[in-house]
Structure formats: C-alpha cells, structure tokens
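K.L.:
Predicted coordinates and the sequence they were generated for:
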Amino acid sequence: MKKIFKIIVAGALLLVLTGCGNLKDSDLSNNATTTSKKKSYQTTGTTDSQYSVLLRNGQYKTGKTAGMAATTNGNDVDTKNFESELVELSTKQFSPNKYVFQEGQILTTGTVSNWLGRYDKKTNKEGLNPVDNKKKDAGKRNPYYLEQILEQDYLTGSNNSYALGGMSIGLGLNSVDYFTKVKDGAQYKDEISRAKQTSEGKKMAEKIVTRLRKEKATKSIPLLIGLFDKTKQDSLVGGTYFLYGVVNKDSNKVDKWVTVNNKTQVLPTIGDEKAINSNDAEGFTNFKAAIQGYFPNISGVIGRLTYQDNQLTAMDISITTQFYGYSQINSFAKLVLSNAKKFLPTNAKIEIKIESVSDTQALISKNKPDDEYYVHIFN
C-alpha cells in the first residue's frame, strides 16, 4: 500500500494555540519526568483559555507522524480543522490551566504506518483498515475507512520537569474512498455513510486504547479519541469532528461517547443549498457586493463558515485579486476593513485574506468577538 507523507507546517497550529508497541524511541516513552542537563524547557504562556506550548531548547517540536496518510484520498482543506478542532475538543478533557501542549511524540512512524494499513494476518496484524477482499467494484470492495491518525500530547509539570499527562488521538475517516482498478487507470469511488464511519471509527478507537494500555508511557493516562469526517477531494470547506470518546485514567475502554454538533459551509452557496444561518449569509453577500465594486479586477470572494451548536464561531474569507501595487492593496484593505465592520457578524472570529495567485497581500482579522480588527499589509 502506498503511503503519502505530507509536510504540515507547525506554525499553523501555533496560531491555533498562541507494529504497535514500537514506542521505545519516543522522548516520553518511560512516562517519567523529563529532566536533563542537556535539555531545557520553556512554555509560550497561556492566553484566552488556550494551551501553553512546550518548547524544547527554545524550539517547537513537530509531530513525529505529521502528515502520514493511508491513500491519496486527502483534501488539503481538511488539515487545519483536523488539528485545530482536536485541540478544542481536548480542552474538555485536559484543562489549559493544568496541561501544556506538544505535538505527538509517542507514536512512531512505523506504528502509524502499520495502523493505517490494511489488516493482513501474515504481514500486518496491526492494520486498522479492513482486509483486501480482492474485489474491484464500488460497493463490493472493502474501502479504506481510516485515512489519517493525529496524536497530540498534553503534559503536566513546570520548569524543566514535565511528564506525559494525557493524549488525544484524531482519526480521520473517509467520507469517500477513491480507487483505481488498474495502476494509473480511471478513478472510481466508494461513498461511506456517517453510520459506517461511526461504527468503524468506534471499533478502531477501542483497538487503539487496548494497544496504548500495553505501553508504559500510556498505560494509565486519560485519553481522548475524536472521529473526524474527511471531505471529498473537490470540497472547498474542511471536514469536522462528529464524535469523540473519553477514556478515563486506568480505564481499558472508551468510557463514554459524546456527539459533536459542528457544521461547516462555503458561501456563496451553490445550487439549491440553503444557508445554515440566513443572517450570516446576507451579511456576507452585502460585504462581497460592497468590495467587488471597488476594483474591476477582483477574481473571487469565498467565505468558509464554522458553526458549533448552531452558533457561528469562525468566518474565514479569501479575496483573490489581480493587482499588485502597494497603494492599491493598502487602499483596498482599508475598504475591506470598513465593510467588514459594517456587514460581517460581530459574534465570531473573523479572518480575511487578500491574495494574488502567488502570495498573500494583506491580512485582516480578529481572534475574538469583542476584539478590534488587526490589519497587516505584506511587502
């Protein structure tokens, strides 16, 4: 099975924050406090109920298995939500006031590679995806349900002494499994229902808990396992978590499952799709109309909205332009800011990127509903 290794930029997650058993190479494999004269630890500090990030010798440690995937099914728009929403879910289990964050350092590339593979009683008994039944037609073959595994570590301690205190695991589950019948042949697909994602995801979660409990580092820490709905390849909006399980300290099973009521939507809507919230959609439409009349060479305005429990939490807007002069960009950014204050919702995080085909020209954003907008023009 072909594995895809993508590079995920650690800085994106910093913005959000401010065979099994082969764990011997992990930095925290003994679950003991990490004290060493050769290592020094710093934290970024906790703000607005967000995690402080653990730095080692002043450096951010990226996850050992970041970007690993089972197939080529992936959609890059999923990446941000896959990481950031798992951090948000983790706050329900690991308080930012007690724990510090670090990207996953426990699971090795070999372990995750095996878990993402198909089960084979001879070559890969650790595979979480179903055995290859040798069928070639959609609806008859066993699809790849599990596409990605994300580990996040939550540590306790202070100064130069930290220990692994908890772990969150994200399981990226395909809503569509794309495949070919012959190498480089036509692409086909298997649609995967939410019910099937749920049943397969729960079974995988229980297996992962059993495996982690056999290791010294993770034998008795609390765990959180989230099930993430990965979007279709042509989707413009990222997927979201729909369920998470809580494993209490010393428990060998998922003690409870909690439904996550998150929704995402792209504006303007396409075809007969209805807006999740008509007021939000109307505000975006008015904002778009106001800025598109300023310059004749604005290629597009796209909004990506995120809702939690039917409440708008974030609106990300991309504006594509075809002008490059500093004066043009500066004046346009001022217009965008003015109309953002006038038309866009006030009760959510807002991020507006003004972009050309090749780079980002300006960023206008606010992190909280009651914040003032921040504006930066890139040289």
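P.N.:
Here it is on my side, so go on.
K.L.:
Tyr145 reaches Ser193, doesn't it?
P.N.:
No: counting by Cβ atoms under 8 Å, Tyr145 does not reach Ser193; the two are 10.9 Å apart. All C-beta atoms are positioned from the backbone trio N, CA, C, and that covers glycine.
K.L.:
who has more neighbours, these two?
P.N.:
Tyr145 (23 against 9; other Cβ atoms under 10 Å).
K.L.:
who's in contact with the more buried one?
P.N.:
Asn129, Pro130, Leu173, Asn174, Asp177, Ile192, Lys196, Gln197, Glu200, Gly201, Met204 (Cβ atoms under 8 Å, 6 or more residues apart in numbering).
K.L.:
and if we set it to 10 Å?
P.N.:
70, 128-130, 171-174, 177, 190, 192, 196-197, 199-201, 203-204 (Cβ atoms under 10 Å, 6 or more residues apart in numbering).
K.L.:
Where strands are concerned, which of those residues count?
P.N.:
Among the contacts of Tyr145, the members found in strands (DSSP state E) are Leu171, Gly172, Leu173, Asn174, Asp177, Asp190.
K.L.:
What's the end-to-end length of stretch 173-191?
P.N.:
This stretch, stretch 173-191, spans 12 Å end to end (Cα to Cα, to the nearest Å).
K.L.:
Put the buried members of the contacts of Tyr145 into a ChimeraX selection.
P.N.:
If you want just the buried ones from the contacts of Tyr145 in ChimeraX, going by 16 or more other Cβ atoms under 10 Å, the selection is:
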select :70,128,129,171,172,173,174,177,190,192,196,197,200,201,204
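K.L.:
Ends of stretch 101-120, what's the gap?
P.N.:
Start-to-end, stretch 101-120 (Cα to Cα) is 35 Å.
K.L.:
quick one: it to chain centroid distance?
P.N.:
17 Å (Cα atoms, centre = their mean, to the nearest Å).
K.L.:
again with stretch 275-292
P.N.:
On the basis of Cα atoms, centre = their mean, stretch 275-292 sits 26 Å off its chain's mean C-alpha point.
K.L.:
Not counting its own residues, what contacts it?
P.N.:
263-265, 267-269, 274, 298, 300-303, 305-307, 310-312, 315, 317, 319, 332, 335-336, 338-348, 352, 354.
K.L.:
do stretch 203-213 as well
P.N.:
Outside stretch 203-213, the residues that touch it by Cβ under 10 Å, 6+ apart are 19-21, 23, 106-107, 111, 115, 126, 128-129, 145-146, 149, 167, 169, 171, 173, 218-221, 223, 225-227, 243-245, 247, 250-255, 257.
K.L.:
now, which of those residues lie within strands?
P.N.:
Those of the contacts of stretch 203-213 lying in strands (DSSP E): 146, 149, 167, 169, 171, 173, 223, 225-227, 243-245, 247, 257.
K.L.:
closest to Gln328 among these?
P.N.:
Among the ones in strands among the contacts of stretch 203-213, Gly226 lies closest to Gln328 (Cβ to Cβ), at 43.3 Å.
K.L.:
low-scoring stretches of the protein, by residue?
P.N.:
Scanning the chain for pLDDT under 70 picks out 1-39, 46-48, 296-297, 324.
K.L.:
if we can go back for a sec, find residues that contact each of Tyr145 and Ser193.
P.N.:
Shared contacts of Tyr145 and Ser193, counting by Cβ under 10 Å, 6+ apart, come down to Ser199.
K.L.:
show me the contacts for Ala340.
P.N.:
283, 287, 290-291, 315, 317, 350, 352, 364-366, 373, 375.
K.L.:
and it, backbone torsions?
P.N.:
Note on Ala340: its backbone torsions stand at phi -60, psi -40 [degrees, to the nearest 10].
K.L.:
how close does it get to Asp371?
P.N.:
Per Cβ to Cβ, to the nearest Å, Ala340 is found 12 Å from Asp371.
K.L.:
between the two, what contacts are shared?
P.N.:
Ile350, Ser365.
K.L.:
sorry, back to before: what would the contacts of Ala340 look like in JSON lines with secondary structure, distance to Gln233 and neighbour count?
P.N.:
Formatted as JSON lines, the contacts of Ala340 follow (DSSP: H, G, I helix; E, B strand; the rest coil; distance: Cβ to Cβ, whole Å; neighbours: other Cβ atoms under 10 Å):
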{"residue": "Gly283", "secondary structure": "helix", "distance to Gln233": "30", "neighbour count": "20"}
{"residue": "Phe287", "secondary structure": "helix", "distance to Gln233": "29", "neighbour count": "23"}
{"residue": "Ala290", "secondary structure": "helix", "distance to Gln233": "33", "neighbour count": "16"}
{"residue": "Ile291", "secondary structure": "helix", "distance to Gln233": "30", "neighbour count": "21"}
{"residue": "Met315", "secondary structure": "strand", "distance to Gln233": "24", "neighbour count": "22"}
{"residue": "Ile317", "secondary structure": "strand", "distance to Gln233": "23", "neighbour count": "24"}
{"residue": "Ile350", "secondary structure": "strand", "distance to Gln233": "28", "neighbour count": "22"}
{"residue": "Ile352", "secondary structure": "strand", "distance to Gln233": "26", "neighbour count": "26"}
{"residue": "Ile364", "secondary structure": "strand", "distance to Gln233": "30", "neighbour count": "21"}
{"residue": "Ser365", "secondary structure": "strand", "distance to Gln233": "28", "neighbour count": "17"}
{"residue": "Lys366", "secondary structure": "strand", "distance to Gln233": "32", "neighbour count": "19"}
{"residue": "Tyr373", "secondary structure": "coil", "distance to Gln233": "34", "neighbour count": "15"}
{"residue": "Val375", "secondary structure": "strand", "distance to Gln233": "34", "neighbour count": "16"}
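K.L.:
any idea which of those is closest to Val87?
P.N.:
For those, the nearest to Val87 is Ser365 (18.3 Å; Cβ to Cβ).
K.L.:
Many thanks, I have nothing further to ask.
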